[in-house]
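[1] Pasting a predicted model and its sequence here:
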Amino acid sequence: MALKSSKRHTEVSALTTKNYHPQFFAYLNFELGVMGAMQLNDEEKSTGQLTEQTLQDVALNLKSEGYVILHEVMPQSWVTAMRSLFCAELEANYRDQPSQLASQNGHGGFQPPLKAPFLDPSIIENEIVFQILEYTLGKHFFGCLPYGCNTSFPGSTTQNVHRDCGHLFPELDLALPPLLIVVNILLDEFTESNGATEIWPGSHRHIEADQAEISTLKIAPSRWSEHTSVRTTAPAGSIIIRDMRTWHRGMSNTTDALRTMLSLVYYRQHLLPDNLRSSDEVINEDDWQQLSERAKWIYRLWK
Ligand SMILES: O=C(O)CCC(=O)C(=O)O
């Protein structure tokens, strides 16, 4: 069972910075206010190159907590431009279908078309994210396009606690390394008021309790209430990388502004058919030329 925050804090406070005991990083995270949060240095952000130590710290957070929050990775000017673009699309998409948004309890989103400006390399082939994915999923990881976004609209309500995918072999009663990882790029500051996601540290290691949990991916209140949760409060431009087995839920947005994060799903290479095609959507020639060979390979896009 997860430690209560105060107990964990007392335990980690006794650790020194030299021995790099795993819980030392949990201690660092307290300095940023949220368990699982990390700050990259300026050089890592400007060059997009992470140090070996940072990669190890990220991997450790993913392994122990099931997620990591990298604070303020994307430049604010980029965030502002993307936010306007996505808000305009979201508002237009739901303007004529308020009942659909209501049926989703105010949690919406859309899949942008495979063209500029949505196929921005900072989104689909982010150097920092790709280093982490390669480190944790292996060199031949692959991704899905179109990507999506999760938006908590003003007035949204709290979702069921769920995981986005289950354990591959729940019958083993053993948590294997991650098969699926979701990358969320925050286009807004995430606060408790606008619906920062609630997440259960370490819950990716909990094997499903029963067949209902396996088939619905929903976690019963009697189960999640036994464990400590945190809110993913973080500045706009932060990136959250989550093992998709980790319990979480969208929360209510009591502000009058949208709260949006982009969502990109990546897989460990696993029994992939040779002719896998991630999307049949036609990409126009100009946009195709802008894609790197690496991106074409990772998203398994062929002409
Ligand atoms: O938007 C969020 O904070 C989480 C959304 C989510 O988990 C979902 O829609 O399944």
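    Yep, it's here.
[2] residues touching Thr191, list them.
    Thr191 makes contact with 233, 255, according to Cβ atoms under 8 Å, 6 or more residues apart in numbering. C-beta coordinates here come from the backbone N, C-alpha and C atoms, glycine included.
[3] how near is it to Arg231?
    8 Å (Cβ to Cβ, to the nearest Å).
[4] so where do the helices sit in the chain?
    5-13, 22-32, 42-47, 52-64, 76-95, 98-103, 121-124, 127-137, 211-216, 221-224, 285-290, 293-298 (DSSP state H).
[5] Would you mind telling me which of those is nearest His270?
    helix 127-137 (9.6 Å; Cβ to Cβ).
[6] which residues are in contact with the closest one?
    With contact meaning Cβ under 8 Å, 6+ apart, helix 127-137 is reached by 40, 44-45, 48-50, 55, 58-59, 62, 70, 73, 141, 177-178, 181, 183, 239, 241, 264, 266-269, 294, 298.
[7] list the buried ones in stretch 171-182?
    Buried residues in stretch 171-182, defined by neighbour count with 16 or more other Cβ atoms under 10 Å: 175, 178-182.
[8] My understanding was that Ile239 contacts Ile181; is that so?
    No - applying Cβ atoms under 8 Å as the test, Ile239 and Ile181 come out as separate, 11.7 Å apart.
[9] hmm, back to that, out of the buried residues of stretch 171-182, which touch the ligand?
    For the ligand, no contacts are drawn from the buried residues of stretch 171-182 by Cβ under 6 Å from any ligand atom.
[10] Just the buried subset of the contacts of helix 127-137, please.
    Using 16+ other Cβ under 10 Å, the buried ones in the contacts of helix 127-137 are 40, 44-45, 48, 50, 58, 62, 70, 73, 141, 178, 181, 183, 239, 241, 264, 266-268, 298.
[11] Among those, which ones are in strands?
    Among the buried ones among the contacts of helix 127-137, the residues falling in strands (DSSP state E) are 70, 181, 183, 239, 241, 264, 266-267.
[12] Show me which residues of the chain are close to the ligand?
    107, 150, 152, 159, 197, 248, 250.
[13] Select from the residues you listed the one having the most neighbours.
    Sorting these by how many neighbours each has (other Cβ atoms under 10 Å) puts Ser152 first, at 29 neighbours.
[14] which intervals of the stretch 151-300 of the chain have sub-threshold pLDDT?
    271, 274 (pLDDT under 70).
[15] Strands along that one, start to end?
    Under the criterion DSSP state E, counting those that start in this stretch, the stretch 151-300 of the chain contains strands at 180-186, 198-199, 230-231, 239-243, 248-249, 259-267.
[16] Spell out which strands sit alongside the first one in the sheet and which way each one runs.
    Think strand 180-186. strand 239-243 (antiparallel), strand 259-267 (antiparallel) (DSSP bridges).
[17] got TSV for the ones you listed, with distance to His204 too?
    Formatted as TSV, those follow (distance: least, Cβ to Cβ, whole Å):
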stretch	distance to His204
strand 239-243	4
strand 259-267	15
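[18] do you know which of these lies nearest Gly66?
    Using Cβ to Cβ, the strands paired with strand 180-186 put strand 239-243 closest to Gly66, at 4.5 Å.
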